[in-house]
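Chemist: please find the sequence and the predicted model below.
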Amino acid sequence: MSRLTSLLALFLLFSSPLWAQEYQKEGVSLTQVTLVPAAPVVGNNRLTFRLQVPKGQSLGQARVEVEVFMPESGAMPYMAMTAEAKPQGGGVYVAQLQLSMEGTWEMPIQIKRGGKPTLEFPFALTVGRAGLLYQGEAGPASLSSSPKERTYQRQGLTLGEFKLDPTTAEVGDNQVSFTLVNAQGQPLEAAKVEVEAFMPAMGAMPKMSSKTAALDQGKGRYQATLELAMAGSWELPVRVSLADGTKVEFPFSVTVGVEGFVYKGPAEGTRQEQGGGQAKNLYIDQQRAQLIGIELGKVERRQLSKRLLTVARIEVDESRVFDFSLKYSGKIEQLFANREGEFVRKGQALFSIYSPELFEAQEIFLQLDGSPRRNPSEAQLYRNAKEKLLLWDFSPADLEELRRLKRAPGKQVIKSPFSGYIVTKSVVEGGYAQKGVPLFRLADLTQLWALAEVFEFEAYEVKRGDKVRLTLAYQGGSVLEGKVDYLYPFLDPNTRTLKVRILVDNPKILLKPGMYADAEILSDKGERLVLPRRAILFSGRHKYVFLTPGDGFFTPQEIETGQTDGEWVEVIGLTQGQQVTFSANFLISSEAQLRDVLPQFGAILEKP
């Protein structure tokens, strides 16, 4: 082992919360428990600990073994291995543990001291989860074991220490006992308490019932004896009548021949039944919850978007296309922009032209400019020539230049009216250009259209203004933002799709007309109550969540789902702030296996 690895091992040893804990049994203390790596892995793991007797002396050569085992589960057989913990001196022992698969393993440390009884310190570990859990009575405070007695709260009243004698209900007399505490935490004495055992009517068999008043044993403890007339399941409600007229009921049930009882109240309830079957209310203690990896979260409101995936074809924005033509005919003398695809800026020279029409207008303008007009016809002729030149894009500065020359050249340099790319060019140097015939087509590509198609059943989801993400797979996954600009008013009768026009800014000219891009239309659905998908159990048409107030009690509840937005799913039937399990994805969601979910939870619950 390298020096760095050794230092890391020492750091893990002394920084571990279990290292500082002490566990005692029959005069033997176990301390400095450390696992390397801290999060167990499949394969080799090293366990280190120290054993001492009360006087602080080492146990020396006591035989110490560490067993790791995984109980039988379904078709998977029982798996186990035993490792000898080797003494290192000073009471320190080291054991090498081989874990053959992922999951939770029981890990008792057994100390064999010759003729004395074997001592066992019960730990557990989970592959991939840091730390160990001590499952004995003297566990660390931060990892407390489940409470010895469950309590049930309703309307400010707390019922606790509910016990059934015998623990497995039987035909004949059965005794129940429990304690009652009021909202102030004081024992409820001399209360009117009734316990009933009844079996609902079934077919021709009438309802069977046995009621009895619970006897006050003092200090808030009550006891009642009930007769169960036959085998089967019996409802066992405990009813408390308070002095102010308030009536509180704690609903329990028992089944003859099945150990334990079931509490059937709302989320604060717990199942305390040994056998199989199902229950609406479950309890999982803190240690088991940590081993299983239960994570809690709350129902929240989020802005949701319906995602529609399609393909878009990039096209030129027709509102940014300019067809350039002349207002007079003439000969192209010099061509400055002579390549399709060339970028030209606004005001840049495109070509120069000579035109007899232009020469005539310039000549008249120069002859009559600055001289007195002798009659109205000359004045009108001057005005017509000047207006014609201005109409042909001569600026006042161009007219001043013409005056300076004092002659009519019959030529003009034609400039681009705006910035863009030459899409088409139908003119050559030396050629003749006819008036009104398009010579250039220019397009501004800094804003484009993306034309997408959505299926008929998706069309109602899309509206103008919806955001769109365009992804270019061949550009390293580059993403451009756009928005729905227009929905065409008719369907394609062949494909049954609706064309959607998307406006997208293209400042870096990443998009080129004719390209294809993956389009993700985000149709805004407003704020919805949501949960992450992993919090929901899907079983055919049914969906479930586990509600919990956070004290170890869990209630499965069926819900409906609505819109989805990636990981988030709209939930119907819950309210904002309700707490649920987020990490229930380890449960198998098929309908047949879902019926086994509750017994699997029940198997890890304490017995009464």
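Modeler: Sure thing, it's come through.
Chemist: avg pLDDT for stretch 243-263?
Modeler: Stretch 243-263 comes out with an average pLDDT of 83.
Chemist: now do the same end-to-end measure for stretch 151-161.
Modeler: Using CA to CA, to the nearest Å, the span of stretch 151-161 from its first residue to its last is 7 Å.
Chemist: how about it, which residues are buried there?
Modeler: Across stretch 151-161, burial judged by 16 or more other CB atoms under 10 Å covers 151-154, 157-160. C-beta coordinates here come from the backbone N, C-alpha and C atoms, glycine included.
Chemist: stretch 185-198 too?
Modeler: Buried-residue list, stretch 185-198, by 16+ other CB under 10 Å: 188, 191, 193, 195-197.
Chemist: circling back: could I get the buried residues of stretch 151-161 as TSV with distance to residue 498, pLDDT and secondary structure?
Modeler: Converted to TSV, the buried residues of stretch 151-161 look like this (distance: CB to CB, whole Å; pLDDT from 0 to 100; DSSP: H, G, I helix; E, B strand; the rest coil):
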residue	distance to residue 498	pLDDT	secondary structure
151	60	79	strand
152	58	83	strand
153	56	82	strand
154	56	81	strand
157	61	88	strand
158	62	89	strand
159	62	90	strand
160	64	88	strand
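Chemist: pick the one among those closest to residue 504.
Modeler: For the buried residues of stretch 151-161, the closest approach to residue 504 (CB to CB) belongs to residue 153, at 58.2 Å.
Chemist: how near is the closest one to residue 189?
Modeler: The gap separating residue 153 from residue 189 is 19 Å, by CB to CB, to the nearest Å.
Chemist: ok, back up a step: a markdown table for the buried residues of stretch 151-161, including distance to residue 251?
Modeler: Converted to a markdown table, the buried residues of stretch 151-161 look like this (distance: CB to CB, whole Å):
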| residue | distance to residue 251 |
| --- | --- |
| 151 | 15 |
| 152 | 9 |
| 153 | 13 |
| 154 | 9 |
| 157 | 14 |
| 158 | 15 |
| 159 | 11 |
| 160 | 16 |
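Chemist: hmm, which two among the residues you listed are most spread apart?
Modeler: 154 and 160 (12.2 Å).
Chemist: I'd say residue 83 and residue 95 touch.
Modeler: Yes - in this structure, residue 83 is within contact of residue 95 by CB atoms under 8 Å, at 4.5 Å.
Chemist: and the nearest residue to residue 186 once chain neighbours are set aside, how close does it get to residue 514?
Modeler: In space, and not counting its chain neighbours, residue 186 is closest to residue 220: 7.9 Å by CB to CB, 6 or more residues apart in numbering. Per CB to CB, residue 220 is found 84 Å from residue 514.
Chemist: let me know the secondary structure of residue 402.
Modeler: Classification of residue 402 using DSSP: H, G, I helix; E, B strand; the rest coil returns helix.
Chemist: how many other residues sit next to residue 104?
Modeler: Residue 104 has 17 neighbouring residues, counting by other CB atoms under 10 Å.
Chemist: go on, residue 44?
Modeler: Neighbours of residue 44 (other CB under 10 Å): 11.
Chemist: give me the pLDDT for it.
Modeler: Model confidence at residue 44, given as pLDDT, is 90.
Chemist: can you give the domain ranges for this structure?
Modeler: Segmentation of the chain into domains, based on automatic domain parsing, reads 3-143, 151-265, 296-302+527-602, 324-443, 447-526.
Chemist: closest to residue 312 out of those domains?
Modeler: Minimum separation from residue 312 across these (CB to CB) falls at domain 447-526, 3.9 Å.
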